[in-house]
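S.K.: Structure, please.
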Amino acid sequence: MRRLTLALDAIGGDFGPAVTVPAALQALGSYPQLELLLVGNPAAIHPLLVKTDSVLLERLTVIPAESVITSDAKPSQAIRASRGTSMRVALELIKDGRAQACVSAGNTGALMGLAKLVLKPLDGIERPALMVVLPHQKQGKTVVLDLGANVACDGGMLAQFAVMGAVMAEHIVGVTNPRVALLNIGEEETKGLYPIQHAAALLRDVPSINYIGYLEANELLTGKTDVLVCDGFVGNVTLKTMEGVIRVFLSLLKSSGKSGKQSWLMQWVKRWIKRRLMRQFGQLNPDQYNGTCLIGLRGAVIKSHGAANQRAFTAAIEQAMQAVERQIPERIAARLDAVLPKSD
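M.R.: Below you'll find the model as predicted:
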């Protein structure tokens, strides 16, 4: 069985080792081929490993780091002072060949900047993009990017995201000839800002991209496209709005148990409807797809939600495994060579 080694920023995020260490142990227990490098303060990590099975500990190594980049740190300042931080050490483990991917719940802007500095973008990519795979109502999945790595994007960058998204849809979702759309305020060709219109013009001229036009945000979960492309500002707001609505909806379903004085038949019907809705919308629970992939780099980097719980951080670890096993950076590089001119 081929070994797979991941570096985890164990002290990044809102909860640090209290979440990352149990999630790491859960992943090790589920995947015998997995080895993990936990990067952080050993004094904070080792107490959480005291009762761990020695068999699991054989596949886990604690890598010391002097400090952590806080979630509220200004990215530019954090990058300048990043030597010895858990995030930078985790990324350098990829560069040095000791790890094949990195997972961090830390500061998004700092992770983006450090990953670009340490690992370097692929040829043909100006800036990496944050990508997530979302389930939709037709029981399939949609690749969405960018989700916050790049607040402002020109048409060329959006076209690069489309190419990368198509590769992800093919090799992660398993879709042949994936449909690619641009997120816009209307489906008419005249709608939207210039960068979106420019990207549309570029994508129409790429024969290997199945470009289908514009889609509005209310189509995000309908399954009308396999890849949805937007700039990081719009993507981040869209994703967080969707996640907030879903969390509220699921919490309302869970708390709707008060039936009062109703016939047994009416109570049974309400319970049946509730179970159906939970099955239908439970797959959209953000904890199940936690982890955005920072694609366009010469290595696999996964950004977890800062407030991720153990289940959600384990899902991010699984995403990193998938990116490595399916050779996502290499496949994106090969596709870029075929369809896009090199970046200066």
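
S.K.: switch to C-alpha atoms for all contacts and neighbour counts from now on
M.R.: OK.

S.K.: The single longest helix found in the chain - what's its average pLDDT?
M.R.: Longest helix in the chain, counting residues (DSSP state H): helix 232-254. Helix 232-254 comes out with an average pLDDT of 80.

S.K.: tell me which strands and helices that helix is in contact with?
M.R.: Contacts defined by 3 or more Cα pairs under 8 Å, 6 or more residues apart in numbering; DSSP states H and E place helix 232-254 against strand 141-145, helix 264-282.

S.K.: Give the bridge partners for Leu8, please.
M.R.: Beta-bridge pairing of Leu8 under DSSP bridges involves Leu38, Val103.

S.K.: I figured it was touching Cys102, is that so?
M.R.: Yes - when contacts are counted by Cα atoms under 8 Å, Leu8 is listed as touching Cys102 (5.7 Å).

S.K.: Overlap in contacts, the two.
M.R.: Shared contacts of Leu8 and Cys102, defined by Cα atoms under 8 Å, 6 or more residues apart in numbering, are found at Ala90.

S.K.: Which stretches in this structure count as helices?
M.R.: In the chain, the helices defined using DSSP H lie at 17-30, 42-45, 54-57, 75-80, 86-95, 108-119, 155-168, 194-204, 232-254, 264-282, 310-325, 328-339.

S.K.: Of these, which is nearest Leu294?
M.R.: helix 108-119 (7.6 Å; Cα to Cα).

S.K.: Need the contact partners of the closest one.
M.R.: 69, 71, 74-76, 78-79, 87-88, 91-92, 94-95, 104, 127-128, 149, 294, 297-299, 301, 303.

S.K.: same thing but at 7 Å, please
M.R.: With contact meaning Cα atoms under 7 Å, 6 or more residues apart in numbering, helix 108-119 is reached by Pro75, Ala78, Ile79, Arg88, Leu91, Glu92, Lys95, Ala149, Leu297, Arg298, Gly299.

S.K.: For these, pick the one with the most neighbours.
M.R.: Neighbour tally across the contacts of helix 108-119 (other Cα atoms under 10 Å): the maximum, 28 neighbours, falls on Leu91.

S.K.: For Arg98, see how far away that one is.
M.R.: Note on Leu91: its distance to Arg98, by Cα to Cα, to the nearest Å, is 10 Å.

S.K.: thinking again about what came up before, the contacts of helix 108-119 into JSON lines, with extra columns for pLDDT and distance to Thr20?
M.R.: JSON lines is the format used below for the contacts of helix 108-119 (pLDDT from 0 to 100; distance: Cα to Cα, whole Å):
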{"residue": "Pro75", "pLDDT": "91", "distance to Thr20": "22"}
{"residue": "Ala78", "pLDDT": "94", "distance to Thr20": "22"}
{"residue": "Ile79", "pLDDT": "95", "distance to Thr20": "23"}
{"residue": "Arg88", "pLDDT": "98", "distance to Thr20": "17"}
{"residue": "Leu91", "pLDDT": "98", "distance to Thr20": "17"}
{"residue": "Glu92", "pLDDT": "98", "distance to Thr20": "19"}
{"residue": "Lys95", "pLDDT": "97", "distance to Thr20": "22"}
{"residue": "Ala149", "pLDDT": "88", "distance to Thr20": "23"}
{"residue": "Leu297", "pLDDT": "96", "distance to Thr20": "24"}
{"residue": "Arg298", "pLDDT": "95", "distance to Thr20": "25"}
{"residue": "Gly299", "pLDDT": "94", "distance to Thr20": "21"}
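
S.K.: Any buried residues in the longest helix of the chain, and which?
M.R.: Neighbour-count burial for helix 232-254 flags 232-236, 238-239, 242-243, 246-247, 249-250 (criterion: 16 or more other Cα atoms under 10 Å).

S.K.: now do stretch 47-65
M.R.: Leu56, Leu57, Arg59, Leu60, Val62, Ile63, Pro64, Ala65.

S.K.: Show the contacting residues for the residue most central in space within the chain.
M.R.: In the chain, the residue lying closest to the centroid (Cα atoms, centre = their mean) is Thr292, at 1.0 Å. Shown in contact with Thr292 (Cα under 7 Å, 6+ apart): Leu130, Met131, Val132, Ile302, Lys303, Ser304.

S.K.: Check what pLDDT it gets.
M.R.: Confidence score, pLDDT, at Thr292: 88.

S.K.: before we move on, back to that, save the contacts of helix 108-119 as CSV, and put in distance to Lys141 too.
M.R.: Output for these, formatted as CSV (distance: Cα to Cα, whole Å):
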residue, distance to Lys141
Pro75, 32
Ala78, 35
Ile79, 34
Arg88, 32
Leu91, 29
Glu92, 32
Lys95, 31
Ala149, 22
Leu297, 23
Arg298, 25
Gly299, 24
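
S.K.: Specify which member of those is nearest to Gly16.
M.R.: The closest of the contacts of helix 108-119 to Gly16 turns out to be Arg88 (Cα to Cα; 15.6 Å).

S.K.: For the nearest residue to that closest one once chain neighbours are set aside, grab the count of nearby residues.
M.R.: Closest residue in space to Arg88, ignoring its immediate chain neighbours: Ser82 at 6.3 Å, by Cα to Cα, 6 or more residues apart in numbering. Neighbour count of Ser82, defined by other Cα under 10 Å: 19.
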